[in-house]
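[1] sequence and computational prediction follow.
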Amino acid sequence: MIRVTVLYPASEKNFDYDYYVNKHTPMVLDLWQPHGLSKIEINKGLAGIPNFTDVLPKVQVNEVLI
């Protein structure tokens, strides 16, 4: 199994959670479920930015061992 993590570092720039959850995520599901995507999780950091974004994401790809 492979896990892809996309992180948007906290900054003073905007992050539109409504767009990310309601528009971007369904688009990702439609695109990747036929290729084996089984789950999407969205976490909102408690100390993160308050308000999708002009912040460049950090992407990490891992092989899940356990």
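    Yep, that arrived.

[2] can you name the element that comes right after the host helix or strand of Tyr19?
    Assignment of secondary structure by DSSP states H and E places Tyr19 within helix 17-19. Counting by DSSP H and E, the element after helix 17-19 in chain order, helix or strand, is helix 25-32.

[3] which strands and helices sit next to the next helix or strand after that next one?
    Remark: after helix 25-32, the chain's next helix or strand is strand 58-63, criterion DSSP H and E. Here strand 58-63 touches strand 2-7, going by 3 or more C-beta pairs under 8 Å, 6 or more residues apart in numbering; DSSP states H and E. For every residue, glycine as well, the C-beta is placed using N, CA and C.

[4] and for the strand it packs on, what's in contact with it?
    57-64 (C-beta atoms under 8 Å, 6 or more residues apart in numbering).

[5] quick one: that strand to strand 58-63, angle?
    160 degrees (axes from the mean of the first three to the mean of the last three C-alpha atoms, to 10 degrees).

[6] okay, buried residues for strand 2-7 please.
    By neighbour count on 16 or more other C-beta atoms under 10 Å, the buried set for strand 2-7 is empty.

[7] and it, what's its mean pLDDT?
    Averaged across strand 2-7, pLDDT comes to 82.

[8] list the neighbouring strands of it plus their orientation.
    According to DSSP bridges, strand 2-7 forms sheet pairs with strand 58-63 (antiparallel).

[9] dump the strand it pairs with to PDB, restricted to CA.
    Extracted C-alpha coordinates of strand 58-63, given in PDB (Å, rounded to 0.1, in the frame of the first residue of the first chain):
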ATOM      1  CA  LYS A  58       4.900  19.600   0.500                       C
ATOM      2  CA  VAL A  59       4.200  16.100  -0.900                       C
ATOM      3  CA  GLN A  60       5.400  13.000   0.800                       C
ATOM      4  CA  VAL A  61       5.000   9.400  -0.700                       C
ATOM      5  CA  ASN A  62       5.400   6.500   1.700                       C
ATOM      6  CA  GLU A  63       5.100   2.700   1.500                       C
END
